[in-house]
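**Q** Sequence isn't available, so here's the structure alone:
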């Protein structure tokens, strides 16, 4: 039985390759800013290191997809650029100090375990990059939180805290620095300006539906203020600018394969994301919570779609025998 939504019914010339190409372009601003930021913070070596980390993670994803297709005798899918997107998103979720080989292991995990073993693009039940990120957090927790190079961890007692961890600890943080992104963190999450530029590109080109990110951000804003008993707007702005909320809302929660298809489903999905992220950030052991919130909600997508897909026109519920 087909479920036909209300008109208008729009035919699109968008292909997987063109969509992924646009996502790659949108990821360039946070990628470039992250490279420049780490160069400014820790020197040329770490700018180059950030660039290599992105390139090697992407290479690991593409090669893993090629080899898997070769072994399973499937048509090669590396041309659709989805593996490149997975590699970029994963790399931008890593600190610049992260070991190269571990990043490449994460790339292979994203493609082979999370994506291909479940049937490939469109069949995976969670975002491959986020699945790999959680795998790396569980396997190499120390590396995933090493936002400062070794020399900066011992000289002059420099704090290794990110603005978000400092905020959770009750310390004062610079909102302007958080918005511009002139602080340590994962490569791609620090600059809200760069992320919004990329998000704007996706919106203009109609690659993403704003229902998910807007609902996510609005519900999170309400919940984080309520859960913390706050009325100070700067507290909210710091939470919005800190961590991976903006990155997650526009680039990861909107993944076609792991988000609802229906309009109401996307709104419900965004509500769940906002509530869970606020709960994790307020009551959890860590300052962040975006990745785990998105993965948890990815698991809820079948239920959300079951609830929100309208009944087919003329369909009558069958009565059970004996009633």
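**A** Arrived safely, thanks for sending. None of these values were measured; they are calculated from a predicted model.
**Q** okay, CA-based contacts and neighbour counts for the rest of this
**A** Noted.
**Q** mean confidence for stretch 201-213?
**A** Across stretch 201-213, pLDDT averages out at 96.
**Q** which residues make contact with it from outside it?
**A** 19, 22-23, 26, 249-250, 253-254, 263, 266-267, 269-270 (CA atoms under 8 Å, 6 or more residues apart in numbering).
**Q** In contact with residue 47: list those residues for me.
**A** 35, 36, 37, 38, 39, 40.
**Q** Try it again at 10 Å.
**A** 32-41, 53, 96, 187 (CA atoms under 10 Å, 6 or more residues apart in numbering).
**Q** circling back: for the contacts of stretch 201-213, please prepare a markdown table with the additional fields distance to residue 134, neighbour count and secondary structure.
**A** A markdown table is the format used below for the contacts of stretch 201-213 (distance: CA to CA, whole Å; neighbours: other CA atoms under 10 Å; DSSP: H, G, I helix; E, B strand; the rest coil):
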| residue | distance to residue 134 | neighbour count | secondary structure |
| --- | --- | --- | --- |
| 19 | 25 | 18 | helix |
| 22 | 26 | 18 | helix |
| 23 | 22 | 24 | helix |
| 26 | 23 | 21 | helix |
| 249 | 17 | 24 | helix |
| 250 | 19 | 25 | helix |
| 253 | 15 | 29 | coil |
| 254 | 18 | 23 | coil |
| 263 | 28 | 16 | helix |
| 266 | 23 | 26 | helix |
| 267 | 25 | 20 | helix |
| 269 | 20 | 26 | helix |
| 270 | 20 | 28 | helix |
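**Q** For residue 220, state which of these is nearest.
**A** residue 270 (9.1 Å; CA to CA).
**Q** how far away is that closest one from residue 58?
**A** Distance, residue 270 to residue 58, by CA to CA, to the nearest Å: 28 Å.
**Q** Next: residue 147.
**A** From residue 147 to residue 58 the distance is 21 Å (CA to CA).
**Q** swap in residue 26?
**A** On the measure of CA to CA, residue 26 and residue 58 end up 16 Å apart.
**Q** quick one: the helices in the stretch 201-323 of the chain?
**A** Remark: helices assigned in the stretch 201-323 of the chain by DSSP state H, counting those that start in this stretch are 211-227, 233-241, 245-247, 263-283, 290-308.
**Q** could you give the angle of the fourth one to helix 233-241?
**A** Put simply, helix 263-283 runs at 110 degrees to helix 233-241, going by axes from the mean of the first three to the mean of the last three CA atoms, to 10 degrees.
**Q** mind listing what's buried in helix 263-283?
**A** Across helix 263-283, burial judged by 16 or more other CA atoms under 10 Å covers 263-282.
**Q** closest one to residue 104 among the helices of the stretch 201-323 of the chain?
**A** Closest to residue 104 of the helices of the stretch 201-323 of the chain is helix 290-308 (CA to CA; 19.3 Å).
**Q** Toward the C-terminus from the worst-scoring helix or strand of the chain on mean pLDDT, list the very next helix or strand.
**A** Using mean pLDDT, DSSP states H and E, helix 150-154 stands out as the lowest-scoring helix or strand of the chain, at a mean of 66. Where DSSP states H and E defines the elements, the next helix or strand beyond helix 150-154 is helix 163-168.
**Q** Give me the helices and strands touching that following helix, please.
**A** Contacts defined by 3 or more CA pairs under 10 Å, 6 or more residues apart in numbering; DSSP states H and E place helix 163-168 against helix 175-180, helix 233-241, helix 263-283.
**Q** now what about the second one, what contacts it?
**A** Taking contacts as CA under 10 Å, 6+ apart, the residues outside helix 233-241 that touch it are 163-164, 167-168, 172-181, 189-193, 217, 220-222, 224-225, 228, 230, 242, 245-247, 278, 281, 287-288.
**Q** Narrow the residues you listed to those that are buried.
**A** Buried among the contacts of helix 233-241 (16+ other CA under 10 Å): 163-164, 167-168, 173, 175, 178-181, 189-193, 217, 220-221, 224-225, 242, 245-247, 278, 281, 287-288.
**Q** State the mean pLDDT of stretch 168-188.
**A** The predicted model gives stretch 168-188 an average pLDDT of 89.
**Q** Quick one, which of the helices of the stretch 201-323 of the chain gets closest to residue 116.
**A** Residue 116 lies closest to helix 290-308 among those, at 16.8 Å (CA to CA).
**Q** Distance from the closest one to the middle of the chain?
**A** 14 Å (CA atoms, centre = their mean, to the nearest Å).
**Q** Next, the buried residues of it.
**A** Buried, per 16+ other CA under 10 Å, within helix 290-308: 290-295, 297-298, 300-301, 304-305, 308.
**Q** Distance to residue 128 for the helices of the stretch 201-323 of the chain - can I get that in JSON lines?
**A** As requested, the helices of the stretch 201-323 of the chain are exported to JSON lines (distance: least, CA to CA, whole Å):
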{"stretch": "helix 211-227", "distance to residue 128": "19"}
{"stretch": "helix 233-241", "distance to residue 128": "24"}
{"stretch": "helix 245-247", "distance to residue 128": "15"}
{"stretch": "helix 263-283", "distance to residue 128": "18"}
{"stretch": "helix 290-308", "distance to residue 128": "10"}
